[in-house]
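Engineer: This is the structure alone, sequence omitted:
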């Protein structure tokens, strides 16, 4: 930043002369309010929202929040205007027998929903009820509500996104580490693209590290946006990252390049691992993954040479979050490779982020419901079903089958849109429509809302307070929160008021006898921080602060487990070994491709396609296109910009193509934010297609994830 | 008329854009859009994408583009009313009250940096966020960039970051052969 400039000075509009010179309207009243962005839900960046003459104007990054460090991504800038989207839901709605939606009062909606739910629980038990949501700051309310009802079925989108990664790191080191990218000297991204699936702090830290001379290697079938600033782009054949990683491990162990002291002190199962790896030299891997053996040797040696200040990014969705049959073991290999060079809890390596322990409602005398002593209906964490799946994430795409088989009867969907974001929408709709009661809580009429019996409009994030949150905790614990910036425009309510309203008729009112301010004050109690201070500052550092040095792992051995006897007990591979992908393109069919997908920086899941400005960017930059390797495309007579028909055994759709040299020939790549089919979302409706239209319903055996890149499509000129 | 000069000593505003750091996320485009309260379809900056090589030896580059605030601005020479003018701090500005919407400037700009405001009929474009500079705040596109692609500052201050970077790094001005003498310096990898 140039000296003499302050990011975050309130600009009170233009003076008279400048108004003409700049086109900016003069204004008397500008307010700047700290809150948390909700444009993706994952990063929850610290922002300042500017309100000019009562109207939300612009956003600036809070320079002190860990996840964004003063910057804002395009979604963050644009999403504030969603406040004024004409497609917002303005009052509670109830579906009529004809499938239309009519306004209903909050009181009546609460009454009807709780009456129905009481009957369902009486007949089928509380385990027939689920709550699905994107894991945002208000998640404690969902757990509280479901546990009060006696149901364990709180579900996130995790099984469609990241559960293979989480479970693999849990099995290896007992938690999900963060990456100290800024201090790393050698960074490998395996399918991770922080410039597309934006995490501002990561992309900033990578740029900073590169400025200090770090090398960046991107292993990705597609030349990702992050690859544009990489030293090496390794265009690996999709579904074969595991072969590359096993060969890297083979080189590092065979050639004695690992951190011998770290391995002997802090890991278990090294001998088993070494014995298991002998069959995976680079000579073997190159035939599978299309990366030359010389490159694998080089990357393995370079990676180890910087130990412990080198890392393979822990990953997210891309690569091995929930993509392939072998994703769980791919993530295990990533975790193990990091441990082999001893980078756990080291500067420039991986570390377990430190979350401050928030105060709880019980400290204010509010009773806490017991965790129900029954298994999750979707089998997450249940031995014999999906033992290594997590209790808090569940398996969201199991809901349709469980509904069709009568095991689930009622559901709440909060800030999530499984009808669009789960595989095979026809099946998902059939399942959700079978529910006796479906209630969606959202700001717009998503596909899921449009399949619900009741739609309850939550106030937009700029219109409400949410829970005090620890999401920005990395090297140091930070507190942030969503706070109200403007008054609600319509007859909407914040989450707590909706749940409180529902709880009264369900006999669980005693668990919701508090206000958001009271809850947040209790959450802040351990830190001597007042709610007013947090609202004024937007972020407060409360510690603890990370210090270098190995800490005991939350694994059965307390060490990093190369060999996991826990996994063995569950009937899963105790060590990573090569697993073929579930499906592969037909080599004798010129039109056969693997369909892979990824994010663009301007879109989040299915929730931003209907933001007019972001859809305008999609159109202006011609981003609603299927990427296809130029040679493969020309072999089937395609030119850039042609429309193609894409077809799998599940679905069919048409889309424009982008011919590129930046994609592995075996794959076509689809941006993941399009294909909205709710006719209520007028900006996005009918624009583009979505990979879920082509994806079969799979449950991987380890965690039950979707295997969202196990799709073979035929692509032909329309 | 010229804008009031309230910055004390005379600066010479300039920007450096390091394309080797750009990941094409469009945060700068969205930030600009909000700051300037533009209609959905209008914009003052853009990011161009360029592709090089053949699989697997392939690369691409993102090139942020906007008004270059030329010292020899073609848009000012062709303006029949004096609406487009060069400020003493280096900013090429538009007095929208004098603009008759003839679009000569749009045609003359080699950077395609100007557009018509559909509602009012005048031409508008990047002003280096002159309003923010008055309050010693960086232009909206600079502060929001996650990788630090853009450096903004005063070329007349030899201690400013931009002066140092411009002196120490190999920079280019786009369209130098047109003798526009632009105020945006690029690092092209």
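Structural biologist: Thanks, I have it. Quick caveat: nothing in here was measured; it's all calculated off a predicted structure.
Engineer: near chain A, anything from the helix or strand of chain B with the lowest mean pLDDT?
Structural biologist: Least confident element among the helices and strands of chain B, by mean pLDDT, DSSP states H and E: helix B:161-168 (a mean of 86). Yes. When contact is scored as Cβ under 8 Å from any Cβ of the partner chain, part of helix B:161-168 falls within range of chain A: B:161-162. Every C-beta, even on glycine, is put in place using the N, C-alpha and C of the backbone.
Engineer: Now do the same for the residue in the stretch 551-700 of chain A positioned nearest to chain B: helix, strand or coil?
Structural biologist: Taking Cβ to the nearest Cβ as the measure, the stretch 551-700 of chain A has residue A:601 as its residue closest to chain B, at 3.8 Å. Three-state call for residue A:601 (DSSP: H, G, I helix; E, B strand; the rest coil): coil.
Engineer: again, but for residue A:622
Structural biologist: Going by three-state DSSP: residue A:622 is coil.
Engineer: which stretches of the chain have low pLDDT?
Structural biologist: I'll assume chain A. Low-confidence segments of chain A, defined by pLDDT under 70: A:1-28.
Engineer: The intended chain is chain B.
Structural biologist: Screening chain B residue by residue with the criterion pLDDT under 70, one finds the ranges B:1-8.
Engineer: Find the centremost residue of it, please.
Structural biologist: residue B:67 (3.7 Å; Cα atoms, centre = their mean).
Engineer: Now the residue located most distally from the centre of chain B: closest residue in space, sequence neighbours ignored.
Structural biologist: Most distant residue from the mean C-alpha position of chain B: residue B:56, 34.5 Å away (Cα atoms, centre = their mean). Setting aside the residues directly before and after it, residue B:56 is nearest to residue A:235 in space (Cβ to Cβ, 6 or more residues apart in numbering or on different chains), at 4.7 Å.
Engineer: pretty sure the one you found is touching residue A:290, no?
Structural biologist: Yes. Under the criterion of Cβ atoms under 8 Å, residue A:235 lies in contact with residue A:290, with a separation of 7.5 Å.
Engineer: between those two, what contacts are shared?
Structural biologist: Common neighbours of residue A:235 and residue A:290, using Cβ atoms under 8 Å, 6 or more residues apart in numbering or on different chains, are residue A:664.
Engineer: higher neighbour count, those two?
Structural biologist: The residue with more neighbours, out of residue A:235 and residue A:290, is residue A:235; 25 against 20, by other Cβ atoms under 10 Å in any protein chain shown.
Engineer: how close does the more buried one sit to residue B:141?
Structural biologist: 32 Å (Cβ to Cβ, to the nearest Å).
Engineer: Surely residue A:403 and residue A:432 touch.
Structural biologist: Yes. Taking Cβ under 8 Å as the definition, residue A:403 is a contact partner of residue A:432 at 6.5 Å.
Engineer: Find residues that contact each of those two.
Structural biologist: Between them, residue A:403 and residue A:432 share the contacting residues residue A:411, judged by Cβ under 8 Å, 6+ apart.
Engineer: excluding its backbone neighbours, what's nearest residue A:631?
Structural biologist: Counting by Cβ to Cβ, 6+ apart, the nearest residue to residue A:631 once its immediate chain neighbours are dropped is residue A:665, at 6.5 Å.
Engineer: Contact partners for that neighbour?
Structural biologist: For residue A:665, the contacting residues are A:629, A:631-632, B:55, taking Cβ under 8 Å, 6+ apart as the criterion.
Engineer: ok, of those, which come out buried?
Structural biologist: Under a neighbour-count criterion of 16 or more other Cβ atoms under 10 Å in any protein chain shown, the subset of the contacts of residue A:665 counted as buried comprises A:629, A:632, B:55.
Engineer: number of nearby residues for residue A:365?
Structural biologist: Using other Cβ under 10 Å, residue A:365 has 9 other residues around it.
Engineer: same question, residue B:61
Structural biologist: The number of residues packed near residue B:61 is 17, by other Cβ under 10 Å.
Engineer: got the contact list for the helix or strand hosting it?
Structural biologist: Element membership for residue B:61, per DSSP states H and E: strand B:57-66. Identification of contacts with strand B:57-66 by Cβ under 8 Å, 6+ apart yields A:223, A:225, A:228, A:233, A:235, A:660-662, B:17, B:19, B:22-24, B:28, B:32, B:44-53, B:111-113, B:125-126, B:141, B:149-150, B:174, B:184, B:186, B:188-189.
Engineer: try 7 Å this time
Structural biologist: A:223, A:228, A:661-662, B:17, B:19, B:22-24, B:28, B:44-53, B:111, B:113, B:126, B:149, B:189 (Cβ atoms under 7 Å, 6 or more residues apart in numbering or on different chains).
Engineer: got it, and stretch A:580-587?
Structural biologist: By Cβ under 7 Å, 6+ apart, the list of residues contacting stretch A:580-587 reads A:239, A:324-326, A:592-594, A:666, A:707, A:710, A:712.
Engineer: And these, which two are furthest apart?
Structural biologist: Across these, the longest distance by Cβ to Cβ is 20.3 Å; it joins A:326 and A:592.
Engineer: So which of those two has more stuff around it?
Structural biologist: With other Cβ under 10 Å as the criterion, residue A:326 and residue A:592 differ in neighbour count, and residue A:326 comes out ahead with 27 against 15.
Engineer: Can you tell me the SS state at the residue nearest to that one when sequence neighbours are not counted?
Structural biologist: With Cβ to Cβ, 6+ apart as the criterion, residue A:326 has its nearest non-adjacent residue at 4.0 Å, and that residue is residue A:579. Following three-state DSSP, residue A:579 is assigned to coil.
Engineer: Just read off the phi/psi values of residue A:579.
Structural biologist: For residue A:579, the backbone dihedrals are phi -130, psi 130 (criterion: degrees, to the nearest 10).
Engineer: which residues does it contact?
Structural biologist: With the criterion set at Cβ under 7 Å, 6+ apart, residue A:579 makes contact with A:242, A:325-326, A:329.
Engineer: now with 10 Å?
Structural biologist: Taking Cβ atoms under 10 Å, 6 or more residues apart in numbering or on different chains, we find residue A:579 in contact with A:239, A:242-243, A:324-330, A:573.
Engineer: still on that earlier bit, now for the residue nearest to the centre of chain B: which residues touch it?
Structural biologist: Contact criterion Cβ under 10 Å, 6+ apart gives B:44-45, B:73, B:75, B:91-94, B:109, B:111-114, B:125-128, B:182-184 as the residues in contact with residue B:67.
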